[in-house]
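# Next come a sequence and a model predicted from it.
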Amino acid sequence: MSTRTPKLTPFSYAVLVLVGEGGAGAHDLVRMMREGQHAIWTASASQWYAEPKRLAELGLLQAERTPGRTHERTHYTLTDAGRAALREWLAQPSAFTRIQCEPIVRLLAAEYVDPEVLERSLAALRAPIAESHAALDKAEAVARELPHRQRVLTINHRLARRILDAHSAWLDEAEAELRDAAARRR
């Protein structure tokens, strides 16, 4: 990154990309985050409101007040400096995604609880996995309405499905191990 470019995080770039050429309000970013929670940073809603404001102060987004349903909203669009920051970032080598997965740590702690207890705890993952599959179904329908991003969104959705499938397969394996451990204890 050049010395002219302000300090940006991967989250900053996610905001710039999601604002894109069509622009977006912070409320739009929060909606995108909630609908695409499997693929986008799960930062709090307040962060999705604060980061565009910070990027506007840095001159990477332009902020404009526009009418909303109940009150004025701020609509952000990319500036030339924002596009330049994105081009510079995109030219850099991609970092491998960090994987932070609480269920893995829970399974590692299996020795501290009866296997049945941990199996029930991990089984709670089935509902969010199913919800994420449903969210992907909706996201795929929305992608058809975004022709300029449809192809790349489709690739990202396939990755998200593979990740969900991997979580399901891991969960099947973990549950089988916990059932075996319970049987060995009897």
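Noted; the coordinates are in hand.

# What are the boundaries of the helices in this structure?
10-19, 26-35, 45-57, 80-91, 102-108, 115-123, 126-143, 150-185 (DSSP state H).

# Out of the ones you listed, point me to the one whose mean pLDDT is lowest.
Lowest mean pLDDT within the helices of the chain: helix 26-35, a mean of 81.

# According to the record, where do the domains of this structure fall?
Residue ranges for the domains of the chain, per automatic domain parsing: 10-91, 102-185.

# How much space separates the closest residue to Leu125 other than its chain neighbours from Ile129?
Using C-beta to C-beta, 6 or more residues apart in numbering and skipping residues adjacent in sequence, the residue nearest Leu125 is Leu171, 5.6 Å away. No exception for glycine: its C-beta is placed from N, CA and C like everyone else's. Separation of Leu171 from Ile129 (C-beta to C-beta, to the nearest Å): 8 Å.

# quick revisit: tell me which of the helices of the chain lies nearest to Thr74.
helix 26-35 (6.6 Å; C-beta to C-beta).

# What residues sit buried inside that closest one?
By neighbour count on 16 or more other C-beta atoms under 10 Å, the buried set for helix 26-35 is Ala26, His27, Asp28, Leu29, Val30, Met32, Met33.

# Those into TSV, with extra columns for distance to Arg98?
Shown next, in TSV, are these (distance: C-beta to C-beta, whole Å):
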residue	distance to Arg98
Ala26	25
His27	28
Asp28	26
Leu29	22
Val30	23
Met32	21
Met33	18
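
# Pick the one among those closest to Tyr76.
Using C-beta to C-beta, Ala26 comes nearest to Tyr76 of the buried residues of helix 26-35, at 7.6 Å.

# Enumerate every residue touching the nearest residue to Ala110 once chain neighbours are set aside.
With sequence-adjacent residues excluded and distances taken as C-beta to C-beta, 6+ apart, Ala110 is closest to Leu118, at 5.5 Å. The contact partners of Leu118, by C-beta atoms under 8 Å, 6 or more residues apart in numbering, come to Arg106, Leu107, Ala109, Ala110, Leu178.

# what's the distance between the second one and Val113?
I take that to be Leu107. Distance, Leu107 to Val113, using C-beta to C-beta: 11 Å.

# neighbour count winner among the two?
Leu107 (18 against 13; other C-beta atoms under 10 Å).

# Look up how far Ser121 lies from the closest residue in space to the more buried one that isn't next to it in sequence.
In space, Leu107 comes closest to Ala174 once its chain neighbours are excluded; the distance is 5.3 Å by C-beta to C-beta, 6+ apart. Separation of Ala174 from Ser121 (C-beta to C-beta): 10 Å.
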